[in-house]
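Undergrad: Using only what follows, build the 3D model:
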Amino acid sequence: MTVQKLSISVPPEIVETIRAAAAEAGKPVSAWLAEAAVEKAHLATLHAKGRAAARELVTEYEDERGELPEVSRQRAREFLMEAGPLDDEPLRPNSAHDRLRHRRAPGF
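TA: Below you'll find the model as predicted:
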């Protein structure tokens, strides 16, 4: 596998934690950090997919039944934030253009 060298800066208080975790895993610090970065990138991708799915579900619901009441929207948002797929992004598309762009074609 080809690798590229990358220089990073970390707060001094985390250096020993990183070294200890790498040692416990029996890996060099650079390998441990590379694995951590891959895992973080994978989780970010899953997080983005979860946010997109939540937006799609809300849009689909509203297309079929009308606008979701604000109290229900807030409860769903709180649940999804606790579960992890949402951060502070709105569940509702920001504009009519966004709403049309997110609609699914009939029959799909």
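
Undergrad: What's the local residue count around F79?
TA: 12 (other CB atoms under 10 Å). For the C-beta atoms, the positions are set from N, CA and C on the backbone; glycine is no exception.

Undergrad: That one and A54, how far apart?
TA: Note on F79: its distance to A54, by CB to CB, to the nearest Å, is 10 Å.

Undergrad: Kindly report the same for Q4.
TA: From Q4 across to A54, the span is 35 Å (CB to CB).

Undergrad: Next: L80.
TA: Separation of L80 from A54 (CB to CB): 5 Å.

Undergrad: again with V10
TA: In terms of CB to CB, V10 sits 33 Å off from A54.

Undergrad: Show me which of these two is the more surrounded one.
TA: Set V10 next to A54 and count neighbours by other CB under 10 Å: A54 wins out with 19 against 10.

Undergrad: buried sites along the helix or strand harbouring the more buried one?
TA: According to DSSP states H and E, A54 maps onto helix 29-65. If you call a residue buried by 16 or more other CB atoms under 10 Å, then helix 29-65 has these buried ones: W32, L33, G50, R51, A54, R55, V58, T59, E62.

Undergrad: For it, enumerate the helices and strands it packs against.
TA: Counting by 3 or more CB pairs under 8 Å, 6 or more residues apart in numbering; DSSP states H and E, the packing neighbours recorded for helix 29-65 are helix 12-25, helix 70-83, helix 96-102.

Undergrad: now the ones you listed as TSV including mean pLDDT?
TA: Shown next, in TSV, are the helices and strands packed on helix 29-65 (pLDDT from 0 to 100):
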stretch	mean pLDDT
helix 12-25	96
helix 70-83	84
helix 96-102	42
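
Undergrad: Of the ones you listed, give the one that comes closest to L43.
TA: Ranking the helices and strands packed on helix 29-65 by distance to L43, with CB to CB as the measure, places helix 70-83 first at 13.7 Å.

Undergrad: That closest one vs helix 29-65, what angle?
TA: Interaxial angle of helix 70-83 relative to helix 29-65 (axes from the mean of the first three to the mean of the last three CA atoms, to 10 degrees): 160 degrees.

Undergrad: Can you give the distance from helix 70-83 to the centre of its chain?
TA: Remark: helix 70-83 is offset 16 Å from the chain centroid, using CA atoms, centre = their mean, to the nearest Å.
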